[in-house]
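Peer 1: no sequence for this one, just the structure:
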């Protein structure tokens, strides 16, 4: 993680980001955790704060949308294979003690949990939703190819439906939203459980925008599907969502603290690749490369999509604040 701002970041913000940002921002995808929640702390976080609390979040997120614009967010843990319960308690405590009314928490769930365990933990923690993740699926040599049911079982969706919860889903499989199995499961879950809200993280895992563009038609007509923008650094997936589902279904998300890595993700062939600053050859033949934070790259990609889709200022404010505000006020 890049726990500092460079002059290149500052120039980028002043030129490409601040003129685009509305006055109010709701962050629909951000992680809170402590170092001791991990069995093995990822190297990226070693030099960062030992407690990524709400206080730390609001200090650091002001780097990429400055001026105190961030008015709230949807927060969940990151220690999927570590002290998951401790991470959930930490998120719940942070939300509970926050003076901001627009902060909400989601609970990391494991597929082995019973419906009653999920129900009780949600009620006890005051969570408004669930966060599943593929690495918790069992019986797969590579969970990157796991079907959604392996890490988001139907009994958990039924609990979300009963309680009116939001589920943030980072789908996997090689072609993401273009995968027929993913399409079928999303449609089945959303049709059978209409009071459950499904937020497809990373623009339907649109790191390769062709996957979202190809698969988005399969979700047309579903009223309880939303998308967040988190860590996507190419505009095409955002454009496909706005065109087919409407801008009202797109929620801004930073993916904090991934937002504070330096680099970007690019589509390559039928997949994608993350390029980080330390991997780059800074002295390219035509210029000196000056990579900026992932969160800034994602914001510029969103700006490009809004410009191409000819969204007005009010519609842009919907993506950054109003869509999430209405969703949580009326459904959660």
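Peer 2: Thanks, I have it. What you see is a predicted model, and the numbers here were worked out from it, not measured in a lab.

Peer 1: quick one: residue 16 and residue 302 touch, right?
Peer 2: No: between residue 16 and residue 302 there is no contact, the gap being 10.9 Å when judged by C-beta atoms under 8 Å. Where you see a C-beta, it was placed from the backbone N, CA and C, and this is true even at glycine.

Peer 1: so how many other residues sit close to residue 277?
Peer 2: Residue 277 is flanked by 17 other residues according to other C-beta atoms under 10 Å.

Peer 1: so what pLDDT did it get?
Peer 2: Residue 277 is assigned 89 on the pLDDT scale.

Peer 1: repeat for the one 3 residues further on
Peer 2: According to the model's per-residue confidence, residue 280 sits at a pLDDT of 76.

Peer 1: which regions of the stretch 151-300 of the chain sit below the pLDDT cut-off?
Peer 2: Within the stretch 151-300 of the chain, the stretches with pLDDT under 70 are 281-286.

Peer 1: for it, which segments count as helices?
Peer 2: Shown for the stretch 151-300 of the chain, the helices assigned by DSSP state H, counting those that start in this stretch span residues 154-163, 180-192, 201-205, 209-215, 236-245, 294-308.

Peer 1: so which of those helices is the most packed in?
Peer 2: helix 201-205 (a mean of 28; mean count of other C-beta atoms under 10 Å).

Peer 1: which residues touch that helix?
Peer 2: Applying C-beta atoms under 8 Å, 6 or more residues apart in numbering, the external contacts of helix 201-205 come out as 29, 168-172, 176-177, 209, 211-212, 215-216, 227-232, 237-238, 241, 250, 253, 255.

Peer 1: could you do stretch 145-153 as well?
Peer 2: With C-beta under 8 Å, 6+ apart, stretch 145-153 has contacts from 109, 111, 132-140, 143, 167, 169, 171-174, 181-182, 185-186, 189.

Peer 1: with stretch 216-230 instead?
Peer 2: With C-beta under 8 Å, 6+ apart, stretch 216-230 has contacts from 28-29, 168, 177, 183, 186-187, 190-191, 193-204, 238, 240-241, 244-245, 249-255, 258, 298, 302, 319, 323, 327.

Peer 1: switch the cut-off to 7 Å
Peer 2: Residues outside stretch 216-230 that contact it (C-beta atoms under 7 Å, 6 or more residues apart in numbering) are 28-29, 177, 183, 186-187, 190, 194, 196-204, 238, 240-241, 244-245, 249-255, 298, 302, 327.

Peer 1: measure the residue nearest to residue 81 when sequence neighbours are not counted to residue 107 for me?
Peer 2: Counting by C-beta to C-beta, 6 or more residues apart in numbering, the nearest residue to residue 81 once its immediate chain neighbours are dropped is residue 135, at 5.9 Å. Remark: distance between residue 135 and residue 107 (C-beta to C-beta, to the nearest Å) = 16 Å.
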